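Colleague: Okay, sequence plus prediction incoming.
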Amino acid sequence: MPHVENIEPLITLGMLRSGQQATVHSLVGSTELVRHLSELGIHEGALLEMLRPGSTCILRINGTKLCVRGDELLRVMVTPLTTTRQAG
């Protein structure tokens, strides 16, 4: 049986918590929706941070804040980054 290491979890963008960062894995939807999200900077490989979760959330991508509707959140699959923040 093959050995599989470090399988990263995929979740929808809407499942991220405030302050959590993730890498975009894939976009699911019509060509128009994928193109629209890509124009906003939400594309495969993009690093983003959830600033305010919710049905209309606020994200930070490339230093820019974006407001994204809930239906679009369900179509963006991300891999959460695990980082340890130190108080200070």
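Modeller: Nice, thanks for sending it over.

Colleague: State the phi and psi torsions of the residue nearest to residue 53 when sequence neighbours are not counted.
Modeller: Closest residue to residue 53 apart from its sequence neighbours, by C-beta to C-beta, 6 or more residues apart in numbering: residue 18 at 5.8 Å. C-beta: built from backbone N, CA, C; applies to glycine. Note on residue 18: its backbone torsions stand at phi -60, psi 130 [degrees, to the nearest 10].

Colleague: Residue 15 too?
Modeller: Dihedral angles (degrees, to the nearest 10) for residue 15: phi -90, psi -10.

Colleague: That one: neighbour count?
Modeller: The local packing of residue 15 (other C-beta atoms under 10 Å) involves 16 other residues.

Colleague: Distance of it relative to residue 30?
Modeller: Distance of residue 15 to residue 30, given as C-beta to C-beta, to the nearest Å: 22 Å.

Colleague: Let's see the helix or strand bottoming out on mean pLDDT in the chain as PDB, backbone CA atoms only.
Modeller: Lowest by mean pLDDT, DSSP states H and E among the helices and strands of the chain is helix 70-73, with a mean of 78. These are the backbone C-alpha positions of helix 70-73, laid out as PDB (Å, rounded to 0.1, in the frame of the first residue of the first chain):
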ATOM      1  CA  GLY A  70     -21.600  34.100   0.600                       C
ATOM      2  CA  ASP A  71     -22.500  32.300  -2.600                       C
ATOM      3  CA  GLU A  72     -19.000  33.000  -4.000                       C
ATOM      4  CA  LEU A  73     -17.400  31.700  -0.800                       C
END
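
Colleague: neighbouring contacts of that helix?
Modeller: 12-14, 33, 37, 54-57 (C-beta atoms under 8 Å, 6 or more residues apart in numbering).

Colleague: Which ones among those lie within helices?
Modeller: 33, 37 (DSSP state H).
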